[in-house]
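# The following comprises the amino acid sequence and a computationally predicted model.
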Amino acid sequence: MVRHPETVAAQEPNEALKAARLRLRSKRRPRRPMSRSEFADEINETLARLYPERQKGIAAHFVNDRWVGALERGERRWTSEERRAALRAVTGSADDFEIGLYPPRDRITTGTIADADLVRGLDRPDSTDRLALTTPGSNIREHLTDLTDRHEGRMRTSTSGGPQHQTDGDLVEFTLILEDPGIGPAELTAVELACERLDQGFAAVRPDDALVRCRLLMGFALAQLRRPQKLCDQERLVALAARLAGLRAWACFDLNDHREAEHWYQAAATASEDARAWGLGAWLMGAQSLVPWHRRDFRRTLELIDRGSYLAGQGSDVTTQAWLYALRARACAGLGDLNGFRAAYGQALEAAEYSNERDRRHGMDFDRGTLDLRYYAGMSWLLLRRPAEACLELNSSLDALPRSHNKARSVLTLALSDAAVQSDDVDQAVDLARAALTASTHQPIMPILQQGRRIRRLVQQRRPEAAQSLDEPLRDFALALTSAGTSAGS
């Protein structure tokens, strides 16, 4: 039986699309998420709005709740350009990858957080593969297929049986292999841009949502790596996979899965070195250093940062080098090394003068086009028990952060709460901690919960009755984080 061209063989739920729909509020019941029926209505209204000149023909693209359900269940992973445009408009997505849509030629199946994301590869060829002939390079493929058909016809009708026929067949096969371009340049650039958008928006999304997007893009990259590629494209795909693995590791870290994070960081670092992506490798080492940093293992933190600095020396951008210097300054402060802090922070400030926002990666903040290092200075002064200097840097950093970066703002607010405790202003410390926990409950990450619990312990030592007011926001935040972790693993 011929399969419907929008149907895929392996049905994996499209969690990205479902999550996008559930984020939309119902117009009929504002306190509840949008139903599939309402979602279908929105798509149809958007189709009519996007294609006003095709009022009659566009009706053929209208959908219903059953169609939406088929997409969410993974029974379909691709649809018409008109419907995809409407889906992107309704969900506010920048591209098809963000809502779990990809063309039949590149269908993939992805696993769960526990299966190390060993993607099982592309589906077996079926009738939908014919759609790939409309992609760039299809003329070459059709021409070579025709050559093969004519060659096989000659073999069947020839009576000579000479070796020339086998030579022709070898030539066609050789040409087929050389002409098969693997992933197209436009397709590869589109996936790289989707990864870039994921990186740039990482600070403003929940860690479980980020994990879903990482898996989707990772699965695509790995499926392509299993196919023959040009050497230059192969290196770009390996670097792409390494960057996605690093973002996935950071999401695991945010969800308190440190062991999984370490594994992904190690895999990402190996891939980045294979691709000779030295700047990426340097960033990965800096990102991985946050895992021992939050365990207060400052010596291991410095080891990873030093490894990152070595990789940066092989050919990294100055922005990443400045960030690594700032991380080193904070680690030195954690060891009580004031001179080491000052030396490293001085190097960071000097390098930051030449930083460029186009080299930005997750974990780096910018203010007026320059890498902003004040958070690291403030945290360092806190570790050196200099709360006045810490508050000056932390408040300036907080003022520069976008309002959409709730997680980072909460981390800074908790640092200010820590400074208030050091200054014996318990009331202010409690107020700041409560505000930080409440503001980021919808985007819970473990570092915030860890800091909040630490503030409670410090307040408990000074005024036990004041610490009790932090119990409820800490409990709510812990429940939200548990829910996020469960969502990520489901």
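Nice, thanks for sending it over.

# correct me, but residue 265 touches residue 251?
No: under the criterion of CB atoms under 8 Å, residue 265 makes no contact with residue 251, lying 11.7 Å away. For the C-beta atoms, the positions are set from N, CA and C on the backbone; glycine is no exception.

# Show me which of those two is the more surrounded one.
A count of neighbours by other CB atoms under 10 Å puts residue 251 above the other of residue 265 and residue 251, at 30 against 25.

# Would you tell me what the next helix or strand after whichever helix or strand that one is part of is?
Element membership for residue 251 (DSSP states H and E) is helix 231-254. Where DSSP H and E defines the elements, the next helix or strand beyond helix 231-254 is helix 258-274.

# Which residues outside that next one are in contact with it?
Contacts of helix 258-274 from elsewhere in the structure, counted by CB atoms under 8 Å, 6 or more residues apart in numbering, are 113, 116, 238-239, 241-243, 245-246, 248-250, 252-253, 278, 280-281, 284-285, 287-288, 291, 295, 311.

# if we can go back for a sec, so how far is the helix holding residue 251 from its chain's centroid?
9 Å (CA atoms, centre = their mean, to the nearest Å).

# Would you mark the buried spots in it?
Judged by neighbour count using 16 or more other CB atoms under 10 Å, the buried positions of helix 231-254 are 233-234, 236-254.

# got the CA positions of that helix in PDB?
Coordinates of each C-alpha in helix 231-254 appear next as PDB, following Å, rounded to 0.1, in the frame of the first residue of the first chain:
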ATOM      1  CA  LEU A 231      35.000  17.100   3.800                       C
ATOM      2  CA  CYS A 232      34.200  20.800   4.500                       C
ATOM      3  CA  ASP A 233      30.600  19.900   5.200                       C
ATOM      4  CA  GLN A 234      31.700  17.000   7.400                       C
ATOM      5  CA  GLU A 235      33.700  19.400   9.600                       C
ATOM      6  CA  ARG A 236      30.900  21.800   9.900                       C
ATOM      7  CA  LEU A 237      28.500  19.100  10.900                       C
ATOM      8  CA  VAL A 238      30.900  17.800  13.500                       C
ATOM      9  CA  ALA A 239      31.300  21.300  14.900                       C
ATOM     10  CA  LEU A 240      27.500  21.700  14.900                       C
ATOM     11  CA  ALA A 241      27.000  18.400  16.800                       C
ATOM     12  CA  ALA A 242      29.700  19.500  19.300                       C
ATOM     13  CA  ARG A 243      27.900  22.800  20.000                       C
ATOM     14  CA  LEU A 244      24.600  21.100  20.400                       C
ATOM     15  CA  ALA A 245      26.100  18.600  22.700                       C
ATOM     16  CA  GLY A 246      27.500  21.400  24.800                       C
ATOM     17  CA  LEU A 247      24.100  23.100  25.000                       C
ATOM     18  CA  ARG A 248      22.600  19.800  26.000                       C
ATOM     19  CA  ALA A 249      25.200  19.400  28.700                       C
ATOM     20  CA  TRP A 250      24.300  22.900  30.000                       C
ATOM     21  CA  ALA A 251      20.600  22.000  30.100                       C
ATOM     22  CA  CYS A 252      21.400  18.800  32.000                       C
ATOM     23  CA  PHE A 253      23.500  20.800  34.400                       C
ATOM     24  CA  ASP A 254      20.600  23.200  34.900                       C
END
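
# counting contacts, what elements does it pack onto?
The contact analysis (3 or more CB pairs under 8 Å, 6 or more residues apart in numbering; DSSP states H and E) places helix 231-254 against helix 185-201, helix 207-225, helix 258-274, helix 278-288, helix 446-462.

# tell me which helix or strand of the chain sits lowest on mean pLDDT?
helix 138-157 (a mean of 40; mean pLDDT, DSSP states H and E).

# Let me see the ranges of the strands in this structure.
366-367, 370-371 (DSSP state E).
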